[in-house]
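[1] Dropping the sequence and predicted coords here.
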Amino acid sequence: MSTSPSSVEHHRLVVTGAGIAGVGLGVRLRQAGIVDFVILERNASVGGTWFEHTYPGCGCDVPANLYSYSFARNPGWTRMFPGQDEILEYVRATADEYGVTPHIRFETEMELSAWDEEAGVWRVRTSAGDLTADMLISAIGATAEPDEPDVPGLQAFTGHRFHSARWDHGHDLTGERVAVIGTGPAAAQFVPRIQPDVEQLVVFQRTPPWVIPHVDRPVPWPERQLYRALPFLQDAQRNALFAIYESMGVGFRGRTAMIAPIEAIGRAHLRRQVKDPELRAKLTPHYRFGCKRPILSNTYNPALAAENATVITDAITAVDADAIVTADGTRHVVDTIITAIGYKYGRSLLAHRIRGQDGRTLGEVWDQSPKAYLGSAVPNFPNMFILLGPNSIGINSVIFSLESQIAYVMSALEAMDRDGLTRVEVRREALEGFVDEVDRRSAGSVWTAGGCKAYYVDDTGRNFGLYPGFAASFRRRTRRFDAAPYLVEHTAAGKVAA
Ligand SMILES: Cc1cc2nc3c(=O)[nH]c(=O)nc-3n(C[C@H](O)[C@H](O)[C@H](O)COP(=O)(O)OP(=O)(O)OC[C@H]3O[C@@H](n4cnc5c(N)ncnc54)[C@H](O)[C@@H]3O)c2cc1C
C-alpha cells in the first residue's frame, strides 16, 4: 500500500467481490508475490453466492470434484453435490489457508469506480472511504442482484414476500398458502423442501425446465480417505467429469443429435414421476435441452404432483393486497410470495458503478448487450478486467472459467511488469472480432435457436453470457496475455501505441 500525493490510499489492484472469483484471484496474486491489493466485499463474509443463498436445499449442481479450485482440491467433500454450507466453508478455508482473508475489507461496498485518465489511476469510492488503484478488477459475479418480476401491484401485496436469494429464515411457512414465482434451479431445489410443510403451494411457471435424474450420493468416509491417500484418483474423476461436460457442450452448440438421448431421459423421468397427464403436459419442455439451465432433481416433479401443489401456467397480470391475479382472471390468494426469477445479469446496477475514460458507465456502454474481449476487457475501460464477464461461462464448472480469466489477469500483470506497460486498453476492433466470432458460433446453438429465452440471452436473442466453445479452448486463449489486441502505454514513451 502507498498513499498518493492527495493522501488517498493507493494499491496496485483493487478487486471488488470476495466470492469464488475474488478469493481465487487473491490466491494467485499472493502466489506470484503480489501483496499490494485489497478486495472490497459488501458482506461480512467471503463466499458471495454461497454466503448469500441459504434457501432450503441450496447446493451446487455440478459435482464438487469439478466445482472446486484446481489449486485446492478437497478430498473431504461429504457429498458428490454438496450443500451451500459445505461450499461456503470450503471458500472460507481457502481464503484463510492462502492468506487472502487479511486483504479483504469486509462490509465495504464499492460505490463508484472511475478512471482518471490524467492520473492514470482508478478512483474508487467505497462505503468506507476512497482508494486509488493502478488496476481495477470486477469480481462481482452474475448473481449479485436478485431480479423481481415486473408485475403491477407487487409492492402492494400485504402478505410476506422475499426473494429466494435472500431467504427469510425468520418467517415460518408452515401451514401457509405459499406462491413461488419462477421455476429455475433455485426453485427446483427449495420447492421439494417446503412443499411438505405448507398448506398450499402455488407455483407460477413461465417455461418448464428440463428435469433429469439427480445422481447425487454421499461420499463415504473410506472413499474420502482414498482420495487423501491417492490424489490422482480424485484428479481422474475430475478429468472424467470435465470431459463429460465438454462433450455436452458440443450438443448444445448445434449437434442436437447428441442431446436427444438426454431429452429422452428427461421425458421418461417425467412420465415415471408425474401420472396426471394434464400436469405432465404443463411440465413438458417444448425447447431443446440446454437452452435454459437444466435441473438435476429426483424430488422436484413429485413435489409439484403432490396433493397440496398447483402449477399455474397462465401469465401473472397483477398482484393485489392478498392475491396473485392471472390472465384468466383467477385470484390466487396466498400468505407469502417467494420470487425466484433469477438475477439482473450483465446490465445490473453494479455495472453502472464503473465509469470509463469517456465518463460513460459500463452499464451505459452495455446498453445494447454486454460485450467484453475474452469476457474480460472492454474498450474505454483501461487497466480493468472482469471476472465472469460476458461470454466467459463455459458449459462446465464456472470455477474452471474463472480460473482461466484469473490466469489471464496474472499474465497481463506479468506483461505489464516485464514490458513497462502502465496502461492497457483493449482495442475496439479486437472486441468486435471476438463478438463476431461469438455470434457466429452461437448461431444454431440451443441457446439462440433452441426455442427458449434464457438469462444469458439478451432481448434481441443474442447470447451474451456463454462462451460458445470448449472450456478448454477458452483456457488456451486466456493462458497468455497478448498485448497486440491492446492499446498500450509504456512508462518511458508515455504514449498510447497506434
Ligand atoms: C444457488 C446457486 C447455485 C449455483 N450452482 C452452481 C454450480 O453448481 N456450478 C457452477 O458452475 N455455478 C453455479 N452457480 C453460479 C455461481 O454464482 C458461480 O459458480 C460462482 O459462485 C460465482 O462466483 P463469483 O465470485 O464470480 O461471484 P459471487 O459469488 O456472486 O461473488 C461476488 C461477490 O461480490 C460482492 N459484491 C458485489 N457487488 C459489490 C460491491 N459493489 N461492493 C462490494 N462487494 C460487492 C458480493 O457481495 C459477492 O460476495 C450457482 C449460483 C447459484 C445462485
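    Received, thanks. Residues are numbered from 1 along each chain as shown.

[2] what does the stretch 301-450 of the chain put close to the ligand?
    Residues of the stretch 301-450 of the chain lying near the ligand by C-beta under 6 Å from any ligand atom: 350, 387-388, 397-398. Where you see a C-beta, it was placed from the backbone N, CA and C, and this is true even at glycine.

[3] any idea which of these is the one closest to residue 74?
    Among those, residue 397 lies closest to residue 74 (C-beta to C-beta), at 13.2 Å.

[4] got a list of what the closest one touches?
    62, 66-68, 242, 245 (C-beta atoms under 8 Å, 6 or more residues apart in numbering).

[5] ditto for residue 415
    The neighbours of residue 415, taking C-beta under 8 Å, 6+ apart as the test, are 421, 481, 483.

[6] circling back: which members of the contacts of residue 397 additionally contact the ligand?
    Restricting the contacts of residue 397 to those within reach of the ligand (C-beta under 6 Å from any ligand atom) leaves 62, 67.

[7] can you tell me which two in the contacts of residue 397 are farthest apart?
    Greatest spatial distance in those: 68 and 245, 14.1 Å, computed using C-beta to C-beta.

[8] These two: which is more packed in?
    residue 68 (25 against 18; other C-beta atoms under 10 Å).

[9] how far away is the more buried one from residue 241?
    Computed as C-beta to C-beta, to the nearest Å, the residue 68 to residue 241 distance reads 11 Å.

[10] Give the closest residue to the residue nearest the centre of the chain in space, chain neighbours not counted.
    Central residue check for the chain by C-alpha atoms, centre = their mean: the C-alpha nearest the mean position is that of residue 142, 3.9 Å away. Once flanking residues are discounted, residue 142 sits nearest to residue 345: 5.0 Å by C-beta to C-beta, 6 or more residues apart in numbering.

[11] Look up how far the ligand lies from the closest residue in space to residue 217 that isn't next to it in sequence.
    In space, and not counting its chain neighbours, residue 217 is closest to residue 80: 5.3 Å by C-beta to C-beta, 6+ apart. As judged by C-beta to the nearest ligand atom, to the nearest Å, residue 80 and the ligand stand 11 Å apart.

[12] Can you give me every residue that contacts residue 80?
    63-65, 215-219.

[13] Residue 336 now?
    Contacts for residue 336 (C-beta under 8 Å, 6+ apart) come out as 159-162, 171, 173, 176-179.

[14] of those, buried ones?
    For those, a burial check counting by 16 or more other C-beta atoms under 10 Å picks out 159-162, 173, 176-179.

[15] Looking at the residues you listed, which are in strands?
    Counted as lying in strands by DSSP state E, out of the buried ones among the contacts of residue 336, are 160-162, 177-179.

[16] I'd like these laid out as TSV, including pLDDT and distance to residue 119.
    Conversion of those to TSV gives the following (pLDDT from 0 to 100; distance: C-beta to C-beta, whole Å):
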residue	pLDDT	distance to residue 119
160	97	49
161	98	46
162	97	43
177	98	58
178	98	54
179	98	52
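
[17] which bits of the stretch 1-150 of the chain sit near the ligand?
    So the stretch 1-150 of the chain meets the ligand at 16-22, 40-43, 48-49, 53, 58, 60-62, 67, 109-110, 139-144 (C-beta under 6 Å from any ligand atom).

[18] Using ChimeraX, define a selection of the buried residues within these.
    Buried members of these, defined by 16+ other C-beta under 10 Å, are picked up in ChimeraX with:
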select :16,17,18,19,20,21,22,40,41,42,43,48,49,53,58,60,61,62,67,110,139,140,141,142,143,144
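
[19] Compare the residues of the stretch 301-450 of the chain next to the ligand and tell me which is most surrounded.
    Ranked by neighbour count (other C-beta under 10 Å), those have residue 387 at the top, with 29 neighbours.

[20] Please name the residues that touch it.
    Going by C-beta under 8 Å, 6+ apart, residue 387 touches 17, 21-22, 25, 137-139, 376, 402, 405-406, 409.

[21] Next, the residue in the stretch 201-350 of the chain positioned nearest to the ligand: phi, psi?
    As assessed by C-beta to the nearest ligand atom, the ligand sits closest to residue 350 within the stretch 201-350 of the chain, at 5.1 Å. Per-residue torsions, residue 350: phi -60, psi -40 (degrees, to the nearest 10).

[22] what do you get for residue 286?
    Note on residue 286: backbone dihedrals following degrees, to the nearest 10 are phi -110, psi 40.

[23] likewise residue 432?
    Backbone torsions of residue 432, given as degrees, to the nearest 10, read phi -60, psi -40.

[24] Go ahead and confirm residue 108 touches residue 125.
    No. In this structure, residue 108 is not within contact of residue 125 by C-beta atoms under 8 Å, at 10.9 Å.

[25] With neighbour numbers in mind, choose between those two.
    Neighbours were counted for residue 108 and for residue 125 using other C-beta under 10 Å; residue 108 has more, 20 against 15.

[26] From residue 96, how far off is that one?
    19 Å.

[27] Next, the contact list for the closest residue to the ligand within the stretch 351-498 of the chain, please.
    As assessed by C-beta to the nearest ligand atom, the ligand sits closest to residue 398 within the stretch 351-498 of the chain, at 3.3 Å. By C-beta under 8 Å, 6+ apart, the residues touching residue 398 are 20, 62, 67, 388.

[28] So the first one sits against residue 399, correct?
    The reference is to residue 20. Yes. Assessed by C-beta under 8 Å, residue 20 is found in contact with residue 399 at 5.9 Å.

[29] tell me, what's touching those two both at once?
    Residues touching both residue 20 and residue 399 (C-beta under 8 Å, 6+ apart): residue 69.

[30] The contacts of residue 80 into CSV, with extra columns for neighbour count and pLDDT?
    As requested, the contacts of residue 80 are exported to CSV (neighbours: other C-beta atoms under 10 Å; pLDDT from 0 to 100):
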residue, neighbour count, pLDDT
63, 21, 97
64, 23, 97
65, 24, 96
215, 10, 94
216, 16, 96
217, 10, 97
218, 11, 97
219, 18, 97
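
[31] can I get the residues you listed in TSV with distance to residue 476 and secondary structure?
    Formatted as TSV, the contacts of residue 80 follow (distance: C-beta to C-beta, whole Å; DSSP: H, G, I helix; E, B strand; the rest coil):
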residue	distance to residue 476	secondary structure
63	24	coil
64	25	coil
65	23	coil
215	30	coil
216	32	coil
217	33	coil
218	36	strand
219	32	coil
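
[32] Now the two most distant members of the residues you listed.
    Pairwise distances across the contacts of residue 80 peak at 13.9 Å for 65 and 218 (criterion: C-beta to C-beta).

[33] Helices along the stretch 251-400 of the chain, start to end?
    Residue ranges of the helices in the stretch 251-400 of the chain, as given by DSSP state H, counting those that start in this stretch, are 260-273, 277-283, 300-304, 362-365, 398-419.

[34] would you turn the ones you listed into TSV with distance to residue 326 and mean pLDDT?
    Output for the helices of the stretch 251-400 of the chain, formatted as TSV (distance: least, C-beta to C-beta, whole Å; pLDDT from 0 to 100):
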stretch	distance to residue 326	mean pLDDT
helix 260-273	24	97
helix 277-283	14	98
helix 300-304	17	98
helix 362-365	33	92
helix 398-419	35	97
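
[35] Tell me which of these is the most buried.
    For these, the largest average neighbour count (mean count of other C-beta atoms under 10 Å) is found in helix 300-304, namely a mean of 22.

[36] pretty sure residue 91 is in a helix, no?
    Yes. Per DSSP: H, G, I helix; E, B strand; the rest coil, residue 91 lies within a helix segment.

[37] any idea of the pLDDT on it?
    Listed pLDDT for residue 91 reads 98.

[38] in which helix or strand would I find the nearest residue to it once chain neighbours are set aside?
    Nearest non-adjacent residue to residue 91, counting by C-beta to C-beta, 6+ apart: residue 47, 4.7 Å away. Here residue 47 sits in a region with no helix or strand, counting by DSSP states H and E.
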